[in-house]
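Peer 1: compute the structure for the input listed below.
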Amino acid sequence: MAAPLLVLWLASPAIAWWISRPLARHAARLTADQTLFLRKLSRKTWAFFETFVGPEDHWLPPDNYQEHSAPVVAHRTSPTNMGLALLANLSAYDFGYITAGQLIGRTAEAFRTMEALERHQGHFYNWYDTQSLKPLPPTYISTVDSGNLAGHLLTLRPGLLALHDHPILEARWFEGLSDTLGILVDAAGGAAAAPLSQLQKDLAPPVRFPANDTCRGTKALEQLAKTTAEVVNSLEADAESQTMGWAHALARQCRAPSMS
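Peer 2: You can find the predicted model right below:
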């Protein structure tokens, strides 16, 4: 009767070793369409922070934006939201949606506001009004939100420290332009077909602008900015507001490196 238990006891070191082995990591294999879908999704996600995190809210992220039944911005934020917005800036830089100068500028503005917020023994309250910057009642400290912010800051630090190793103008900047252009093409339908088609040809892979050739990259952006201006003019007459929003977003991205 004791034999099965003795066998398991004798085998326990081998069983413990087997179940403690590190899990094999399977690399994700995405198709071209899946990659394109995810990149467009990331650009649309960044559009929230690009649109709503600005001077009106002291560079703090509103909690949410309600589209229906009427457009309403929730002008309140939490430590978790602040941390997410800081990492959204870093992610936007990594994807080529903003320049290093814009990343540093947005981060500095957010830190300046956060430093001025009322706190309790160094801890941020869980909710603040993003326009008055006053804590929202009832005031309390959330260990969950404070921990989330701490984790976000620990992730942000190495990203900022690595900036000085990056070239001024990288190939991913043109990849970011391609993401915005893809969304604009979807929104425009058949409008401005000729200039949009030219933009797609200019940004078609492989990217023809060397990352270490800032001069050629700048000239390419100048040409893209001119073509984008033609797109904006072509759509100005009868395009929907959403389409025009993406057209202007593309124009801003083309001009950003020269303005930073």
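Peer 1: doesn't residue 76 make contact with residue 61?
Peer 2: No - judged on C-beta atoms under 8 Å, residue 61 makes no contact with residue 76 at a distance of 9.9 Å. Every C-beta, even on glycine, is put in place using the N, C-alpha and C of the backbone.
Peer 1: between those two, what contacts are shared?
Peer 2: Here residue 61 and residue 76 have residue 130 as joint contacts, going by C-beta atoms under 8 Å, 6 or more residues apart in numbering.
Peer 1: which of those two has more neighbours?
Peer 2: residue 61 (24 against 18; other C-beta atoms under 10 Å).
Peer 1: and the more buried one, its phi and psi?
Peer 2: Phi and psi for residue 61, reported as degrees, to the nearest 10, are phi -80, psi 120.
Peer 1: what pLDDT does it get?
Peer 2: For residue 61, the pLDDT comes out at 98.
Peer 1: could you find the closest non-adjacent residue to it?
Peer 2: Closest residue in space to residue 61, ignoring its immediate chain neighbours: residue 85 at 3.9 Å, by C-beta to C-beta, 6 or more residues apart in numbering.
Peer 1: how far away is the one you found from residue 63?
Peer 2: 11 Å (C-beta to C-beta, to the nearest Å).
Peer 1: neighbour count for the two, which is higher?
Peer 2: residue 85 (22 against 15).
Peer 1: show the average pLDDT along the helix or strand encompassing the more buried one.
Peer 2: Secondary structure from DSSP states H and E places residue 85 in helix 79-95. For helix 79-95, mean pLDDT rounds to 97.
Peer 1: give me the helices and strands touching whichever helix or strand comes after it, please.
Peer 2: Downstream of helix 79-95, the next assigned helix or strand under DSSP H and E is helix 100-116. Here helix 100-116 touches helix 79-95, helix 143-161, going by 3 or more C-beta pairs under 8 Å, 6 or more residues apart in numbering; DSSP states H and E.
Peer 1: closest one to residue 105 among those?
Peer 2: helix 79-95 (9.3 Å; C-beta to C-beta).
Peer 1: mind listing what's buried in that closest one?
Peer 2: 79-93, 95 (16 or more other C-beta atoms under 10 Å).
Peer 1: stretch 39-55 now?
Peer 2: Per 16+ other C-beta under 10 Å, stretch 39-55 contains these buried residues: 39, 40, 42, 43, 46, 47, 49, 50, 52, 53.
Peer 1: residue farthest from the centroid of this structure?
Peer 2: Centroid-distance maximum for the chain: residue 1 at 63.0 Å, with C-alpha atoms, centre = their mean.
Peer 1: residues contacting it?
Peer 2: Contacts of residue 1 (C-beta under 8 Å, 6+ apart): none.
Peer 1: if we can go back for a sec, in CSV: the helices and strands packed on helix 100-116, plus distance to residue 230.
Peer 2: Below are the helices and strands packed on helix 100-116 laid out as CSV (distance: least, C-beta to C-beta, whole Å):
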stretch, distance to residue 230
helix 79-95, 25
helix 143-161, 36
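Peer 1: who wins for proximity to residue 216 among the ones you listed?
Peer 2: helix 79-95 (21.5 Å).
Peer 1: what's that closest one packed up against?
Peer 2: helix 32-52, helix 100-116, helix 143-161, helix 171-188.
Peer 1: export those to TSV and append columns for distance to residue 239.
Peer 2: Formatted as TSV, the helices and strands packed on helix 79-95 follow (distance: least, C-beta to C-beta, whole Å):
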stretch	distance to residue 239
helix 32-52	17
helix 100-116	26
helix 143-161	36
helix 171-188	7
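Peer 1: pick out the shakiest of these, pLDDT-wise.
Peer 2: With a mean of 91, helix 171-188 has the lowest mean pLDDT of the helices and strands packed on helix 79-95.
Peer 1: great, nothing more from me.
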